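> Have a look at this fold, sequence not included:
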């Protein structure tokens, strides 16, 4: 007789279409994300971990506990973290970085340059910005500050550490890799860490673009809000774009993702280049 114990089947949770629609409404309300009706399996897969963690037997019980507060004060954040998508890499959509470098050099004659990365994810984008600035100014301490925000606190924690698997940096030019990363050795073999000078340029903060009032009042020379708007419906997009417009200096630039366009917001922005926008003429003149 075999002593091998049979594997226990994975727990199956009750997840009705009504439960799914409720999830869609909640994530839209709290994070502005418009989940497609085809994402029911994805939602089940991601949220079922939260049900197991809390000992819930079905999604109805979990959502009731979430909305009543019985799930705990931090569960809303865990709910949002579970449903956000974080696809990023170093120098993703690379055509933007020479543009922001040239723009930063021009703006620096007026004073320190301020940049905002709205969807920092695990840090690759803001660190790419930091490296771009160091290369542009030919200095490890350029006159630049970078604010990096994200709604997902789990990815922000990884971003703040600045440690990546070697595969994440292997496509970088060897000169940049040597100049701006530390190679792990011993127990850290197979990892790379951004150098302290790179990390020092970036400040990370949890931030929800859907907050009614933004605590962030700084005006920026450039804002990277790439591949964020695709998760919002048109009214939410316009509302967020209105707030972003108020956070740009008159000559500021807004960088969007390759599949995004803001034709519905011509009152706010006009196309400056490939997925690069500047404030509409009326707004520039008003500043």
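The structure has been received and is ready for your questions. Predicted, not measured: the structure shown is a model, and the values here were computed from it.
> Tell me the spacing between residue 181 and residue 225.
For residue 181, the distance to residue 225 (CB to CB, to the nearest Å) stands at 26 Å. For glycine as for every other residue, the C-beta is placed from the backbone atoms N, C-alpha and C.
> More neighbours: those two, which one.
Neighbour totals were compared for residue 181 and residue 225, and residue 181 leads with 23 against 20 (other CB atoms under 10 Å).
> My read is that that one contacts residue 169, right?
Yes. Under the criterion of CB atoms under 8 Å, residue 181 makes contact with residue 169 at 6.1 Å.
> Give the residues shared as contacts by these two.
Contact criterion CB atoms under 8 Å, 6 or more residues apart in numbering; residues shared by residue 181 and residue 169: residue 192.
> Let me see the contact set for residue 272.
253, 278.
> Name the helix or strand for it, please.
strand 269-273 (DSSP states H and E).
> ok now that strand, how far from the chain's centre?
22 Å (CA atoms, centre = their mean, to the nearest Å).
> Which of the three states applies to residue 146?
For residue 146, the assignment made with DSSP: H, G, I helix; E, B strand; the rest coil gives strand.
> Sorry, wrong one. I was asking about residue 249.
Residue 249 falls in the strand class when you classify it by three-state DSSP.
> and it, what does it touch?
107, 219, 220, 221, 287.
> Can you give me the pLDDT of the third one?
This means residue 220. The model reports residue 220 with a pLDDT of 98.
> In the protein, mark out all the strands, start to finish.
For the chain, strands defined by DSSP state E occupy the ranges 113-117, 144-150, 163-165, 181-183, 191-194, 202-206, 220-224, 248-255, 269-273, 276-279.
> Reformat those as CSV; add distance to residue 33.
Below are those laid out as CSV (distance: least, CB to CB, whole Å):
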stretch, distance to residue 33
strand 113-117, 19
strand 144-150, 13
strand 163-165, 26
strand 181-183, 33
strand 191-194, 29
strand 202-206, 16
strand 220-224, 19
strand 248-255, 20
strand 269-273, 22
strand 276-279, 22
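> wait, which of these is closest to residue 94?
Closest to residue 94 of these, according to CB to CB: strand 248-255, at 12.0 Å.
> could you check the angle strand 220-224 makes with the closest one?
20 degrees (axes from the mean of the first three to the mean of the last three CA atoms, to 10 degrees).
> list the buried ones in strand 248-255?
By neighbour count with 16 or more other CB atoms under 10 Å, strand 248-255 contains the buried residues 248, 249, 252, 253, 254, 255.
> Most widely separated two among those residues?
Farthest pair in the buried residues of strand 248-255, by CB to CB: 249 and 255, 14.8 Å.
> Show the contacting residues for residue 190.
Residue 190 touches 165, 166, 184, counting by CB under 8 Å, 6+ apart.
> Show me the one in those residues that has more neighbours than the rest.
residue 184 (16 neighbours).
> hmm, back to that, tabulate the contacts of residue 249 (JSON lines), appending neighbour count.
JSON lines is the format used below for the contacts of residue 249 (neighbours: other CB atoms under 10 Å):
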{"residue": "107", "neighbour count": "21"}
{"residue": "219", "neighbour count": "14"}
{"residue": "220", "neighbour count": "22"}
{"residue": "221", "neighbour count": "23"}
{"residue": "287", "neighbour count": "12"}
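> any chance of the residues you listed in JSON lines, with distance to residue 57 too?
Converted to JSON lines, the contacts of residue 249 look like this (distance: CB to CB, whole Å):
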{"residue": "107", "distance to residue 57": "56"}
{"residue": "219", "distance to residue 57": "50"}
{"residue": "220", "distance to residue 57": "47"}
{"residue": "221", "distance to residue 57": "52"}
{"residue": "287", "distance to residue 57": "56"}
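> For residue 262, state which of those residues is nearest.
Distances from residue 262 to those, taken by CB to CB, are shortest for residue 220, at 17.1 Å.
> give me every residue that touches that closest one.
114, 115, 116, 147, 247, 248, 249, 252.
> Read off the pLDDT value for the nearest residue to residue 198 once chain neighbours are set aside.
Of all residues beyond its chain neighbours, the one nearest residue 198 is residue 130 (4.9 Å), with distances taken as CB to CB, 6 or more residues apart in numbering. Residue 130 carries a pLDDT value of 98.
> swap in the one 10 residues further on?
On the pLDDT scale, residue 140 is placed at 97.
> Equivalent analysis for residue 37, please.
Looking at residue 37, the pLDDT reads 88.
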